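> Sequence and predicted structure are below.
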Amino acid sequence: MWKVYKWDGRYIQGEFISEHSTEKSALGKAKKKINYSKAVKSKLPAYKQRGEIVIWLDKEDGTPIGMIIKK
């Protein structure tokens, strides 16, 4: 399952928004709720070892404002 999280002022993975079965629907919901400018899939080996896929959601200036994670 793909889970969408929004920055709560303290943590990037702070406020749980929703859960989806596809990546496309998770990105659509994040666009409505978070209104991000750029989505970047993480390619860090630590995530791959844990079997996770992480998509960082950023503002225009590159500040992270949310994330989508699949465990």
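Perfect, thanks for sending it. Numbers count the residues shown, from 1 in each chain.
> Need the contact partners of the lowest-mean-pLDDT helix or strand in the chain.
Across the helices and strands of the chain, mean confidence by mean pLDDT, DSSP states H and E is lowest for helix 45-49: a mean of 85. The contact list for helix 45-49 (Cβ atoms under 8 Å, 6 or more residues apart in numbering) reads 53, 54. C-betas here are computed from N, CA, C, even on glycine.
> so how far is it from its chain's centroid?
Centroid separation between helix 45-49 and its chain, computed with Cα atoms, centre = their mean, to the nearest Å, is 16 Å.
> Would you mind identifying the next helix or strand past that helix?
The helix or strand immediately downstream of helix 45-49 is strand 53-58, counting by DSSP states H and E.
> my guess is residue 36 contacts residue 30, does it?
Yes: Residue 36 lies in contact with residue 30 (Cβ atoms under 8 Å); the separation is 6.3 Å.
> quick one, which of those two is more surrounded?
residue 30 (25 against 21; other Cβ atoms under 10 Å).
> Any regions of this structure where pLDDT drops low?
Counting by pLDDT under 70, the chain contains no low-confidence residues.
> Which stretches in it count as helices?
23-33, 45-49 (DSSP state H).
> Would you mind pulling up the elements that the first one packs against?
In this structure, helix 23-33 packs against strand 2-6, strand 15-20, strand 53-58, strand 64-70, with contacts taken as 3 or more Cβ pairs under 8 Å, 6 or more residues apart in numbering; DSSP states H and E.
> Make TSV from the ones you listed and add mean neighbour count to it.
Below are the helices and strands packed on helix 23-33 laid out as TSV (neighbours: other Cβ atoms under 10 Å):
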stretch	mean neighbour count
strand 2-6	20
strand 15-20	15
strand 53-58	19
strand 64-70	19
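> who wins for proximity to residue 43 among those?
Ranking the helices and strands packed on helix 23-33 by proximity to residue 43 (Cβ to Cβ) places strand 53-58 first, at 9.4 Å.
> Show residues contacting the closest one.
So strand 53-58 is contacted by 23, 27, 30, 34, 36-42, 44, 47, 64-70 (Cβ under 8 Å, 6+ apart).
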